[in-house]
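Engineer: okay, sequence plus prediction incoming.
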Amino acid sequence: MKLPGKVTLIEVGPRDGFQLEKKLIPTELKLRIINGLLDAGIRSIQVTSFVNPAVVPQMGDAEELIKLLPENNDAAFSCLVLNERGLHRAQKAGMKNVEISVSASDTHSRKNTGMPYEAAFKSAQKMIEEAKSHKMQIRAGIQCAFGCAYEGSIPADRVIAIAGKYAESGADMIAVSDTTGMADPLSVRTLIEKLQAVTHNLPVVLHLHDTRGLGLANVLAGLESGITHFDTALAGVGGCPFVPGAAGNISTEDTAYMMESMHIKTGIDIGKVAACSLELEAFFEKKFPGKIHRLYSRDKAF
């Protein structure tokens, strides 16, 4: 088994993690968590999304939060945008890193963006062109790449075609998302192998959910397929608001622990991430699905 010596974990908790929660998180707590993640060594953090606050109230403070982000030349703060209005808001707020994402599922696309798949994809291509004109770094995302809770299986050819168009359009990175948690190790290996033919030298990010308990097994399949960039969320928080039975992202602490056990470097202090997770559990007065953060008290590991 050939494995990389180092991987990059991209923290998506402050965006994908928080969006599912009904209890509104104060901006100052979001900022404290982001600073804690930076202190833990995480250098790529998706901090918010520019979406309709009437639909996703948790992201209603996007502009305010961005104004308060610390200056850190080492860190890359990014956001998600789903339409041209969101892109304009992100550009006006001074964001340099954006994810422009489209769902490979027509039904999920309509629920998530209010647009059918084909219209959303045309809009995404236009947005990439505009983002490039503003010298933004573009992460192009494909949601429901491994299946849809509404439509079932998604044709791999459709996912490959989207990725190929993204690469041709000038995206800096491609992200494939298991939005509904339907991936398995075989489907991960199969799709990644096909993607490599169209993405060439572009980094590919694997965004996994643990809905069916296969999250870390799918991470291993990704590693074996040459993937070195993974989205994770502290304590395994999150899930898509438009997916029935949505479950959390793969946990940052769990993924980092697995990597370390395999002698793969992440640069992350797991205990410091766990401290952030414990603070969130105290705020929400509930347990999140991650495992490793539970082994930590606020002062030390068991």
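Structural biologist: Here it is on my side, so go on.

Engineer: dump the worst-scoring helix or strand of the chain on mean pLDDT to CSV, restricted to CA.
Structural biologist: Ranked by mean pLDDT, DSSP states H and E, the weakest helix or strand in the chain is helix 106-113, scoring a mean of 87. Only the C-alpha atoms of helix 106-113 are listed here, as CSV (Å, rounded to 0.1, in the frame of the first residue of the first chain):
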residue,chain,number,x,y,z
ASP,A,106,-31.2,17.7,-10.4
THR,A,107,-33.5,17.3,-7.4
HIS,A,108,-30.9,18.2,-4.8
SER,A,109,-29.9,21.2,-6.9
ARG,A,110,-33.4,22.5,-7.0
LYS,A,111,-33.7,22.2,-3.2
ASN,A,112,-30.3,23.6,-2.5
THR,A,113,-30.1,26.5,-5.0
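
Engineer: what does the longest helix seen in the chain contact?
Structural biologist: Ranked by residue count under DSSP state H, the longest helix found in the chain is helix 117-133. Where contact means C-beta atoms under 8 Å, 6 or more residues apart in numbering, the residues beyond helix 117-133 that reach it are 81-84, 87, 91, 98, 100-106, 109, 113, 115, 138, 140, 162, 165-166, 169-171. For the C-beta atoms, the positions are set from N, CA and C on the backbone; glycine is no exception.

Engineer: buried residues, that helix. List them.
Structural biologist: Going by neighbour count (16 or more other C-beta atoms under 10 Å), the buried part of helix 117-133 is 117, 120, 121, 123, 124, 125, 127, 128, 131.

Engineer: farthest pair within the residues you listed?
Structural biologist: 117 and 131 (20.4 Å; C-beta to C-beta).

Engineer: select only the buried ones of the contacts of helix 117-133 in PyMOL?
Structural biologist: The following PyMOL line selects those of these that are buried, judged by 16+ other C-beta under 10 Å:
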select buried, resi 81+82+83+87+91+98+100+101+102+103+104+105+106+109+113+115+138+140+162+165+166+169+171
